[in-house]
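Asks: Provide a 3D model corresponding to the input given below.
(one chain, ligands or ions: 2)
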Amino acid sequence: MKLHEYQAKALLRQAGLPVPRGEVVFTAEEVPAALVKMGTNSGVAKAQAYTGGRGKAGGIKLYKSADEALTYSKQLIGMTLVTKQTGPDGVKIEAVLLEEASVIKRELYVAVTLDRARANIVLILSPEGGMDIEEVADKTPERIKKLYPAWGRNIDASMAAEGAKFLGLEGEQAKSFADILEKLYRLYQAKDCSLLEINPLVVNDKGGLSLLDCKFDIDDNAAYRQKDTGGDENAGKDPSEVEAAKYGLSYIKLDGDIGCMVNGAGLAMATMDTIAHFGATPANFLDVGGSASEEAVTKAFEIITSDKNVKAILVNIFGGIMPCDRIARGVVGAVKSTGLKVPLVVRLEGTNVKEGKEVIETSGLALTSATDLEDGARKVAELVKGMK
Ligand code: GDP
Ligand code: MN
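Replies: Numbers count the residues shown, from 1 in each chain. Ligands and ions are numbered 1, 2, ... in the order given. Alright, predicted model coming up:
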């Protein structure tokens, strides 16, 4: 679940972190009132989007008057911002954050995230703020420092001092850096984050520190208890994945051409592996689950066939809790209602397999049946190869 910069900054501010004053606007009409509220007519207009690199893409504009603020806001709202992360389709801008301008002396980088290998939260620091951190890690890894605070404790003073020194901060700046680091570390945990990244953390002309940009990602597993952050659970997901989730289906779109409908995540993985073994590539991962309704199976089928890359489909069901005949009825029903334009291979085994096969055989549809997973994967791979 991702948060927009303006939502993230509201949380940072609440946590007592130094964030520039700002107002979000969704229409140009709101700009004059926002400027009055901020008490200044100069600042930065920032396009709100779940992507970095907005600066380079023209999504961040410095304005010097109320007229300019209005002009830029009009420009930004409704524009399509294209960055390295969004890809060529870009992302439509629906909100602009107007913020008091900062005079920047230095740009630093601070992030809190999880190091899975170490099973520990990691603090990532760099004096090269404002840049693409992956690039820094690639070209000048010595300009990045990782610190590992002990679980369940505050960040100790010596660790904060080590970080400040690495960033070239001394005296009062080192003190406020320690305070910022501690607050970010707590906020990361309180909000179930997977990433809390400040890039840049700036040293301004008055010598103070200020958090100028923020990426705030919350672990999807905790989305249910972080709803009031305003985050978007579907940010960055393929629309078909969002649709699938509504029906309790675990669907992940891939870039191959064989659609897969399987029950059980393990069997779905094995099915994809076996397809790959026969030299073909799966178009998706799909686990219909152990207790999917006929309606969900129909939906699954619709989602698979709506993928333009799909040239053939393999249904691989091991009936357990989910009996074969229910899947079979779902498949037949879906084929009849959506119309099947690609070959379909079906392998059924387990609970009610006899009834399931009967449903398929008496359906009058041109389906290929397979005896086992290997047979099914081979048949579907050969069908697709024959088309090339
Ligand atoms: P991003 O490009 O999406 O990461 O957006 P940021 O908010 O990080 O802004 C990109 C860059 O714009 C920053 O690294 C700064 O160099 C610059 N910038 C952003 N806000 C201000 C500001 O208030 N004053 C000045 N002078 N530059 C700013
Ligand atoms: Mn940034």
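Asks: next SSE after the lengthiest helix in the chain?
Replies: Longest helix in the chain by number of residues (criterion: DSSP state H): helix 171-190. Sequence order places strand 193-204 as the next helix or strand after helix 171-190, per DSSP states H and E.
Asks: any idea of the angle that next one forms with helix 171-190?
Replies: Interaxial angle, strand 193-204 versus helix 171-190 (axes from the mean of the first three to the mean of the last three CA atoms, to 10 degrees): 160 degrees.
Asks: strand 193-204 close to ligand 2?
Replies: Yes. Against ligand 2, strand 193-204 shows contacts by CB under 5 Å from the ion at Asn199. To be clear about C-beta, it is placed using only N, CA and C from the backbone, and glycine gets the same treatment.
Asks: which other helices and strands contact the helix or strand following that strand?
Replies: Sequence-wise, the next helix or strand downstream of strand 193-204 (DSSP H and E) is strand 209-211. Applying 3 or more CB pairs under 8 Å, 6 or more residues apart in numbering; DSSP states H and E, we find strand 209-211 packed against helix 171-190, strand 193-204.
Asks: of all the ones you listed, which one is nearest ligand 1?
Replies: Between ligand 1 and these, the tightest spacing by CB to the nearest ligand atom is seen for strand 193-204, at 4.7 Å.
Asks: mind listing what that closest one pairs with, with the direction of each?
Replies: Strands that pair with strand 193-204, judged by DSSP bridges, come out as strand 104-115 (antiparallel), strand 209-211 (antiparallel), strand 214-218 (antiparallel).
Asks: got these as JSON lines, with mean pLDDT columns?
Replies: What follows is those, written out as JSON lines (pLDDT from 0 to 100):
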{"stretch": "strand 104-115", "mean pLDDT": "98"}
{"stretch": "strand 209-211", "mean pLDDT": "98"}
{"stretch": "strand 214-218", "mean pLDDT": "97"}
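Asks: JSON lines for the ones you listed, including distance to His277 and mean neighbour count?
Replies: Output for these, formatted as JSON lines (distance: least, CB to CB, whole Å; neighbours: other CB atoms under 10 Å):
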{"stretch": "strand 104-115", "distance to His277": "34", "mean neighbour count": "18"}
{"stretch": "strand 209-211", "distance to His277": "50", "mean neighbour count": "22"}
{"stretch": "strand 214-218", "distance to His277": "35", "mean neighbour count": "22"}
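Asks: on that earlier part again, for the helices and strands packed on strand 209-211, which one ends up most surrounded?
Replies: Compared across the helices and strands packed on strand 209-211, strand 193-204 shows the largest average neighbour count, a mean of 22 (mean count of other CB atoms under 10 Å).
Asks: rounded mean pLDDT for that strand, please.
Replies: If you average the pLDDT over strand 193-204, you get 97.
Asks: pull the distance from that strand to the chain's centre.
Replies: Relative to the chain's own centre, strand 193-204 is displaced by 18 Å; criterion: CA atoms, centre = their mean, to the nearest Å.
Asks: show residues contacting it.
Replies: The contact list for strand 193-204, computed with CB atoms under 8 Å, 6 or more residues apart in numbering, reads 52, 102-114, 129-130, 133, 169, 173, 180, 184, 187-188, 209-219.
Asks: repeat for stretch 368-380
Replies: 258, 270-271, 274-275, 277-278, 280, 312-314, 316, 343-349, 357, 360, 383.
Asks: okay, and which of the residues you listed map to helices?
Replies: Per DSSP H, the subset of the contacts of stretch 368-380 in helices is 270-271, 274-275, 277, 357, 360, 383.
Asks: distance of Ala190 relative to Val345?
Replies: Ala190 sits 50 Å away from Val345, going by CB to CB, to the nearest Å.
Asks: quick one: neighbours of Glu29, just the number.
Replies: Glu29: 10 surrounding residues under other CB atoms under 10 Å.
Asks: which residues does whatever residue of the stretch 251-388 of the chain ends up closest to ligand 1 contact?
Replies: Nearest to ligand 1, among the residues of the stretch 251-388 of the chain, is Lys253, at 26.3 Å (CB to the nearest ligand atom). Contacts for Lys253 (CB under 8 Å, 6+ apart) come out as 238, 240-241, 283-284, 307.
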